[in-house]
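[1] Okay, here's the prediction I keep looking at, along with the sequence it came from:
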Amino acid sequence: MLKDITLGQYFPGNSPIHRLDPRTKLIWLIGYIVALFTAGNWASYLVVFLFLAFVVALSTIPLKSILTGLKPLVFILIFTGVLNVFFTTGEKPLIAFGVIRIYREGIIRAVFMMARIFMLICGTFLLTYTTSPISLTDGLESLLSPLKKLRLPVHELSMMMCIALRFIPTLIEETDKIMSAQKARGADFESGKLMQRVKALIPILVPLFISAFRRADELATAMECRCYQGGDGRTKMKLLRYKLLDFKAFLLLVVLICAVILLRVFGL
Amino acid sequence: MSKAISVEHLSYSYPGVDDTPGVAVFEDISLTVEDGSFVAVLGSNGCGKSTLAKQFNAILLPCGGKVYICGMDTSDEERLIAVRRSVGMVFQNPDNQIVANVVEEDVAFGPENLGVASPVIRQRVDNALRQVGMYEYREHAPHLLSGGQKQRVAIAGIIAMEPKCIVLDEPTAMLDPQGRKEVMDTILALNAQKGITVVLITHHMDEAAMAQRVVVLSNGRIAADGTPAEVFSQVDLLHSIRLASPETVELCYELNRKGFSLPLDKLSVEECAQALYDAIKA
Amino acid sequence: MTPFLQVKNLQHIYSTGTPFEHVALEDVSFSVERGEFIGIIGHTGSGKSTLVQHLNGLLKPTAGSVILDGKDIWSDKALTRQCRFKVGLVFQYPEYQLFEETVYKDIAFGPKNMGLDNAEIDRRVRKAAGFVGISEQQLESSPFDLSGGQKRRVAIAGVIAMEPEILILDEPTAGLDPESREEILQNIDAYRKAQNATVMMVSHSMSDVARITQRLLVMNGSHLVMDGTPAEIFNRAQELTDMGLDIPEVTRVFLRLRQMGMDVPNVYTVSDAAQVLFSMKGGRIDA
């Protein structure tokens, strides 16, 4: 069922990772991705992996939840793997079967690529699992606030993101309900040709859009009633402040990036 | 006593589409709500009660007449924010008024908009959540709460703005009996303990019976106005505008038609049983 | 003779094997005959909505079976689909599933999915609209221009047009004012009588179900805890209150009268209550 999707969900908690400033975590994620893409050999991958394992352990998020979240992305992982295995050329094929030649380099590269994507996804998940969407948007807003000078509507964008995140579970639930209701009227979503299947979606999409518009309308009224007038003059309950923990995290990030670069340069 | 809300000869029509004439909702309605009172506005669907509620918060503005909130004219644009600070609104569907995906963040939304200082917001949010009994849920995601809990979060979001008056537009219509009870208990406590003026728009008789005063709307007019006992004893009038009294009164009314002479102002189960007991034993 | 619909030891567990595992139904058994009007009551989370979604094959039981006309609805794929048409299910707030440009087309959606010919579809749409009091003129208007109560009727007509032998409604009157509530209940009863259909209605409103149904099923904590006529069920009024259910006010008045030492039966409608008290006074009052 649609409800079981955990992608982008927040797991409340009080681990050091949860307590980090969202800006720290965002910068960390960027740094981590840089490290991941700089890594070029076994040793550097191992270092990144160890860092990831360390952070996962600190976060107290059950490993199982992270792996369940990965499920919808298994296809992408496998696809990348297969692509790399078949399309990388090297010196001596291990297997040659007609036009298909598999090289040792291909397999190594596939493993690297899959590891890279796997760690990339895990890192991103860790961010969304340990950061409430609100503080995430707050963090983004704060990091992007220099862009306000360029007249970019940073506050509005982050408000939109926040509301979108708030309504995703509600709309998923609603989709489930509408689907059941139309099925009860004999709608068939599972058989027929492509065109028929696309047409079969109309009875779901129309009510869903109407409901989304109605919700948006009511929400806008409710927000107006609560004196919302845009970002000017607004205060925040939770002020973002870097703490000692954040500096430690930055230090760790520097260590990680340096380690990966060194390993790459010296090719250990 | 000062007036939290004062409506003077209000008329309002919904604007028509294109050139068609608008639909008149009210022609001439006058009503005052005293500070600190608990008033229920009762009426069937389409009698204009939601439209009236929207007038209290300047979401809709009068076509004729005036609406004053704590002495401020709602059509005065400069006082708009002041009006909305004084009157908080709670709507029917709790899902569509919760903005944030953490309970406490949502409650903070109003005070944040008002530019309240951060430590004060924290305090107000905690107090508001305690007041509605949702403090333990402050870090939960709203979509996982029950209907009654969501609606209490919405109420907390309003009281964190410290309004003088709360207008609730059918806040229990989408809730189960448990949720309805939670919300009604919260509203009663707010009125009794914090002295907040409450205007409750509803079509549930038993909820209206809990108020100090009941105003019955029908076809954009005030059909009855008085204490619950005064209003609900007018059974014939209520029937004529397609409403009913609580079952306790309906029972006495039914018996009176069979020749009893029971009082029609016994709303509570205990009072009604006592009256029946006395009548039978007499 | 086998009963028309039989539910045997039904069990449903949501999200088995995950941390969200949750038992919604446990060992629920009952059977239903043609023409019955049954109310299902229980507070939120008692399993009543899960139960009704099993009766037309929208949910598959994790154990136990649903037997319609002597055949297990899950024994064959075609049978499961057939069951969707035989057992019509109206969800809570059904007006939120309207999607067509006209009321007519929306009501016709179900019958069309059944593969009926146009003449038959037309007959059914008009008949269904008649049951819920939607006029010919309204059939051609957009469902989105109607009032809340009328939208609800159109949505109910959309299921009635499939002419289900069992019509199940989840909170059909939620959020409506007393008058619209009463009308919709009468519409549903009219359908039941005209088609000799079984109607099952999930409701929180005890006074609604008590007044109109002939049999009540009470769900509590994913179990079926009571099954009987409204009179039998309200004889256990105290147990209902303990389960956190709302009993009608007149029933509470009579409970109170009994506490005061009067020998009164259990009642659940105002007119019954009046009748009882009237006859206690000897059926004769000197005005």
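    Ah, there it is.
[2] contacts, neighbours, all on C-alpha from now
    OK.
[3] Helix or strand: which one has C:Asp122?
    Assessed by DSSP states H and E, C:Asp122 sits inside helix C:118-131.
[4] On the C-terminal side of that helix, identify the next helix or strand.
    helix C:136-139.
[5] who's in contact with that next one?
    Residues from elsewhere that reach helix C:136-139 (CA atoms under 8 Å, 6 or more residues apart in numbering or on different chains): C:102-104, C:126, C:129.
[6] Of the residues you listed, which are in range of chain B?
    When CA under 8 Å from any CA of the partner chain is applied, no member of the contacts of helix C:136-139 is adjacent to chain B.
[7] I'd like those as JSON lines, with neighbour count appended.
    Conversion of the contacts of helix C:136-139 to JSON lines gives the following (neighbours: other CA atoms under 10 Å in any protein chain shown):
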{"residue": "C:Thr102", "neighbour count": "18"}
{"residue": "C:Val103", "neighbour count": "29"}
{"residue": "C:Tyr104", "neighbour count": "23"}
{"residue": "C:Arg126", "neighbour count": "19"}
{"residue": "C:Ala129", "neighbour count": "24"}
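[8] can I get the residues you listed in JSON lines with pLDDT and distance to A:Ser15?
    Formatted as JSON lines, these follow (pLDDT from 0 to 100; distance: CA to CA, whole Å):
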{"residue": "C:Thr102", "pLDDT": "94", "distance to A:Ser15": "55"}
{"residue": "C:Val103", "pLDDT": "95", "distance to A:Ser15": "55"}
{"residue": "C:Tyr104", "pLDDT": "95", "distance to A:Ser15": "57"}
{"residue": "C:Arg126", "pLDDT": "95", "distance to A:Ser15": "63"}
{"residue": "C:Ala129", "pLDDT": "94", "distance to A:Ser15": "59"}
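[9] Specify which member of those residues is nearest to chain B.
    Nearest to chain B out of the contacts of helix C:136-139 is C:Thr102 (CA to the nearest CA; 19.9 Å).
[10] Show me the strands in the chain, by range?
    Looking at chain A here, since you left the chain open. For chain A, the strands defined by DSSP state E cover A:93-97, A:100-103.
[11] that answer is for a different chain, and I need it for chain C
    For chain C, the strands defined by DSSP E occupy C:5-14, C:22-32, C:37-41, C:63-68, C:71-72, C:87-90, C:166-170, C:198-202, C:215-220, C:223-228.
[12] highest average neighbour count across these?
    Ranked by mean neighbour count, the strands of chain C are led by strand C:87-90 with a mean of 28 (mean count of other CA atoms under 10 Å in any protein chain shown).
[13] right, and A:Lys148 touches A:Glu156 too?
    No. Shown here, A:Lys148 and A:Glu156 do not form a contact pair, counting by CA atoms under 8 Å, at 10.7 Å.
[14] ok, now how distant is the nearest residue in space to A:Ile202 that is not next to it in sequence from C:Leu58?
    Closest residue to A:Ile202 apart from its sequence neighbours, by CA to CA, 6 or more residues apart in numbering or on different chains: C:Phe99 at 7.9 Å. C:Phe99 sits 21 Å away from C:Leu58 when distances are taken as CA to CA, to the nearest Å.
[15] So between the two, which is more surrounded?
    Neighbour totals were compared for C:Phe99 and C:Leu58, and C:Phe99 leads with 23 against 19 (other CA atoms under 10 Å in any protein chain shown).
[16] residues touching that one, list them.
    Contacts for C:Phe99 (CA under 8 Å, 6+ apart) come out as A:202-203, A:206-207, C:106.
[17] Let's have the strands of chain C in JSON lines, adding mean pLDDT and distance to B:Gly115.
    Shown next, in JSON lines, are those (pLDDT from 0 to 100; distance: least, CA to CA, whole Å):
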{"stretch": "strand C:5-14", "mean pLDDT": "92", "distance to B:Gly115": "45"}
{"stretch": "strand C:22-32", "mean pLDDT": "92", "distance to B:Gly115": "44"}
{"stretch": "strand C:37-41", "mean pLDDT": "94", "distance to B:Gly115": "47"}
{"stretch": "strand C:63-68", "mean pLDDT": "92", "distance to B:Gly115": "57"}
{"stretch": "strand C:71-72", "mean pLDDT": "91", "distance to B:Gly115": "63"}
{"stretch": "strand C:87-90", "mean pLDDT": "94", "distance to B:Gly115": "47"}
{"stretch": "strand C:166-170", "mean pLDDT": "95", "distance to B:Gly115": "45"}
{"stretch": "strand C:198-202", "mean pLDDT": "95", "distance to B:Gly115": "47"}
{"stretch": "strand C:215-220", "mean pLDDT": "93", "distance to B:Gly115": "48"}
{"stretch": "strand C:223-228", "mean pLDDT": "94", "distance to B:Gly115": "51"}
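[18] How many neighbouring residues does the residue of the stretch 1-150 of chain C found nearest chain A have?
    Closest residue of the stretch 1-150 of chain C to chain A, CA to the nearest CA: C:Gly110 (4.8 Å). Here the count is done by other CA under 10 Å, and C:Gly110 has 28 residues near it.
[19] Distance of the residue nearest to it when sequence neighbours are not counted relative to A:Phe97?
    The shortest distance from C:Gly110 to any non-neighbouring residue, by CA to CA, 6+ apart, is to A:Arg185 (4.8 Å). Remark: distance between A:Arg185 and A:Phe97 (CA to CA) = 53 Å.
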